[in-house]
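>>> Fold the following for me, if possible:
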Amino acid sequence: MRGRVVAVVLAVVVGGCGASVPDGPAPVVFTKVELPAGTAPVVLAADGDALLIGARRDGGEVVPALLRRGADGTVADVPLTAATPYGMLATWSSLAVDGDRVLAIGGERGGAHGNVRWSAWTGTTAGIAEKAQGFSVFGGWGAGELNDAVLTSSGPLLIGTWQSLRVGSDVAVWTADGDTWVRNSSAGTALENTPDSLGFPLAATTTGPGVLVAGWRLAGGKQEPAVWRSTAGNTGWSAAALPDAGNTGAAVAVRCHDGACGVSGWVDGKLAVWEVTDGAATRLSGVPPIAVGDRDPLAAPIDVDGRLTQFVADGDGVRVLRADGAGWTVRGASGPSGPVTAVARVGDAVYLVAGADENARTLWRVSTAELR
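Coordinates of the predicted model:
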């Protein structure tokens, strides 16, 4: 986004009965993007004037797939090589692109305890491959989650959690040493948990040379939305609670544009959106009170003409809410239904993944002109 956000556009999934926002003007018309038969979209990332689509092909020998939709609308597979049995079955949870660099996280539950077996994939837009890791790299005693993948100017990072030396599980960072991922110690940094503050990361993105992590922390007996920020790569970490956090809340998704970042989450069971600029966070006022539960997915905000665009799961219909300073304008959306789980902007188009569950998700496209 350019400069300070002056308004917010929110595409909100709203149920037919008991909707929390009124009907508005003419609906925004989305177009369904057809994918090869048996291909279910999961995650999205912009690749210049193209879109990368992390997908599933259930029943195939290799379940995860990566596709590229070019500027002319053609869809082609990006070569993908799995290295482990769990990698062959993985579902994507994160996809990051920077130039021709690609970094992705996949996971599949297995083993005696049904824990997620994580897989990390690296490569370029010409092809990616899983790099097999020792079991203790992502699993074993003290293991936590892998939440997001980020590509910084100083190298690729994986953001997740790992058992703390003090209490609970720290926010954890893995860096790459060739094809091997190395978990860095969080001790003595703002990522380390203390008896007074327990952190839980949920999403991450790059901002300049650094990283911004969104999540929540338990402090003073209260669950509060929080962010962690590095100055460059895995260095110079700081942590802060997000403002106007009510009684309980969490920051769930984050995306940055031109030095400013949009963070989506919930406060007291309702949608909340913050802007983070130059390290200072502001909760945007006037966001309609859309119900968001602690298990509901939220896609990261998108910038459209200096305004944030947010997609939120709340039923079967899709509505577009626009704040212009004086109030909110509500528009319906024709096309997608169900929770919106992934969003990406490519040039003058916005793509989203929506569907009732992972077997019903479809890919949709809308011109940014339709959102104005």
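>>> what stretches of this structure score poorly on pLDDT?
Low-confidence segments of the chain (pLDDT under 70): 1-24, 313-315, 318-331.
>>> where do the helices sit along it?
Along the chain, counting by DSSP state H, helices occupy 85-88, 135-138.
>>> Please report phi then psi for Arg295.
Main-chain dihedrals, Arg295, degrees, to the nearest 10: phi -110, psi 0.
>>> I'd like to know how many residues surround it.
When neighbours are defined as other C-beta atoms under 10 Å, Arg295 has 5 of them. From N, CA and C alone the C-beta is placed, and that goes for glycine too.
>>> what do you get for Phe311?
When neighbours are counted by other C-beta under 10 Å, Phe311 registers 30.
>>> So it is in contact with Val350, correct?
No - judged on C-beta atoms under 8 Å, Phe311 makes no contact with Val350 at a distance of 9.0 Å.
>>> do you know how far the residue lying closest to Val227 once chain neighbours are set aside is from Gln223?
With sequence-adjacent residues excluded and distances taken as C-beta to C-beta, 6 or more residues apart in numbering, Val227 is closest to Ala214, at 5.5 Å. According to C-beta to C-beta, to the nearest Å, Ala214 and Gln223 sit 14 Å apart.
>>> Compare neighbour counts for the two and give me the winner.
Taking other C-beta under 10 Å, Ala214 and Gln223 do not tie; Ala214 has more neighbours (30 against 17).
>>> Let me see the contact set for the more buried one.
By C-beta atoms under 8 Å, 6 or more residues apart in numbering, the contact set of Ala214 is 201-204, 225-227, 251-254, 263, 265.
>>> show me what contacts Lys270?
Contacts of Lys270 (C-beta under 8 Å, 6+ apart): Val287, Pro289, Ile290, Ala291, Val292.
>>> hmm, try it at 7 Å
If you count contacts by C-beta atoms under 7 Å, 6 or more residues apart in numbering, Lys270 has them with Pro289, Ile290, Ala291, Val292.
>>> Let's have those in TSV, adding distance to Gly144.
Shown next, in TSV, are the contacts of Lys270 (distance: C-beta to C-beta, whole Å):
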residue	distance to Gly144
Pro289	33
Ile290	30
Ala291	29
Val292	24
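>>> quick one: which of these is nearest Ala241?
Val292 (18.6 Å; C-beta to C-beta).
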